[in-house]
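[1] Just to be clear, the model below is a prediction. Sequence and coordinates:
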Amino acid sequence: MAGLRFGAAAIWFVAGAAWAQIDPQQQADSRTVLGGGNEYLSAGADAIRAGLYEEGIRLTRLGLERSSKNSERAAALSNLCAAHAAKGETDLAIETCSESIELNAQNWRAYSNRSYAYYLKGMYTKASADLEAAATFSPNARQVQQIRGMINERNLRPSVIVEEHQ
Amino acid sequence: MRIALAMALAALLAAPPGAHAARRSVKVDPVGAWSCVIYGHPAFGDERMLFHFAADGTTQLAREVEQKISAWTPLSRWTADDGELTFSDPHTGRQYRADLRRATLGGSWRTVILVGGWWCSELDEAAVPAVEELEPLAVMPPLIPSVTSTPQYPLQAIRDAKQGRAVTCFFVDASGAVVQPELIELSDEVFRAPILAALARSRYVGWDDASVRRPGCRSYIFKLDSLSAAVEGPQ
């Protein structure tokens, strides 16, 4: 049951994160601006979204070799981070998310992805800190709310005190 | 905004008295005797009392003392105005209020520094003891829980990090089942369903007289504690 929940959460998370880098509003611009090697990044994002993490990672790395634009590289690294997190490679995920944040400190998706990786490692304080950073840039993002809920589920112990009056 | 507010106020003032009265229709006639649970006093705990509201406006109280019912003692006169019953106990300084639009008699009490609630079931007039001295507790025996079910903490409330508080009052029938539960206080709707489910699973020790229903109340505190320090992995 826990495995199933984990799997479902991971699929949702990666799909959201990968899609978010190529949202429909920006797609037309991307097609114009991105040329040459950046088709690898788009194909990599598609593969990650489809759950083909190995293929997505391979294509994204190829795209990164051909990309020099900081914002593009930051988005690609964030996607790599999501793919590694989905595979349970949390240390690699954290490393690539951190690289992404170094290139673009305002990319909420990278914070959100790294938060998820910390969550998977059971490092809830760091996960919460990254989630707060993500929320600063995108407070209403569905992914932010969902990860916050997942952290709360793990990190909060509920109790109910009943007092009888008679 | 101001114009809209003024118009709403004017409409309210112009409304015929009947319309206002209809919105606040009274359901409970307080005249008679009531078996009540009084809760919320931190020093003395809960108390079971009998209240008697006479048609002439006088109010009397009898309380449980060492498994007996004390003699009646007078309280202030009661008044019912605009669906609200008020009276006071000069001995304890409690000011009692009740919303007569509820299904039964009950409400809040307050002193200068304390607040609490009360909840009653109506007594058959014939069963009311004309106590001059201590009488047996026949009309107000204690409720004895046999199954106390604890509400489940709603998963959505955990995800949203919601804590909360609720007070529910109800009747217990002769079979020991909880009937007609009402949420007197509820900090968030998310807690309503698990409380009602837990009450439905709860039972008290029953009694013989099927015509008697007894009042009871429960408070709930929904609390979340952080486990960070205990479960945090290596940093």
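    In hand now; what should we look at?
[2] Mind jotting down where the helices sit in chain B?
    Using DSSP state H, the helices of chain B run over residues B:2-14, B:17-23, B:155-159, B:192-201, B:228-231.
[3] how long is stretch B:56-67 from one end to the other?
    End-to-end span of stretch B:56-67 (Cα to Cα, to the nearest Å): 30 Å.
[4] Identify all contacting residues around that stretch.
    Stretch B:56-67 has contacts (Cβ atoms under 8 Å, 6 or more residues apart in numbering or on different chains) with B:47-54, B:69-79, B:87, B:89, B:129, B:131, B:134, B:137, B:140. Where you see a C-beta, it was placed from the backbone N, CA and C, and this is true even at glycine.
[5] Alongside chain B, which residues does chain A contribute?
    Residues of chain A lying close to chain B (Cβ under 8 Å from any Cβ of the partner chain) are A:121-126, A:148-150, A:152-166.
[6] Buried among those? Need that as a selection in PyMOL.
    To isolate in PyMOL the members of these that are buried, counting by 16 or more other Cβ atoms under 10 Å in any protein chain shown, one can use:
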select buried, chain A and resi 121+123+124+125+126+148+150+152+155+156+158+160+162+164+165+166
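[7] mind listing which of the residues of chain A next to chain B are in strands?
    Here DSSP state E is the test, and these give A:Leu156, A:Arg157, A:Pro158, A:Ser159, A:Val160, A:Ile161, A:Val162, A:Glu163, A:Glu164, A:His165 as lying in strands.
[8] Dump those to TSV, plus pLDDT.
    TSV is the format used below for these (pLDDT from 0 to 100):
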residue	pLDDT
A:Leu156	94
A:Arg157	95
A:Pro158	96
A:Ser159	96
A:Val160	96
A:Ile161	94
A:Val162	93
A:Glu163	90
A:Glu164	87
A:His165	83
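[9] Let me know the closest of those residues to A:Asp91.
    A:Leu156 (26.0 Å; Cβ to Cβ).
[10] Does the strand ranked longest in chain B reach chain A?
    Longest strand in chain B by number of residues, with DSSP E as the criterion: strand B:214-226. Yes: Strand B:214-226 reaches chain A (Cβ under 8 Å from any Cβ) through B:Gly216, B:Cys217, B:Arg218, B:Ser219, B:Tyr220, B:Ile221, B:Phe222, B:Lys223, B:Leu224, B:Asp225, B:Ser226.
[11] Taking the residues you listed, please make a ChimeraX selection of just the buried ones.
    The command below creates a ChimeraX selection of those among the residues of strand B:214-226 next to chain A that count as buried (16+ other Cβ under 10 Å):
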select /B:216,217,218,219,220,222,224
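[12] Quick one: residues contacting the closest residue to B:Phe87 other than its chain neighbours.
    In space, and not counting its chain neighbours, B:Phe87 is closest to B:Trp78: 4.0 Å by Cβ to Cβ, 6 or more residues apart in numbering or on different chains. Applying Cβ under 8 Å, 6+ apart to B:Trp78 gives the contacts B:Pro30, B:Phe53, B:Gly57, B:Thr58, B:Thr59, B:Leu85, B:Thr86, B:Phe87.
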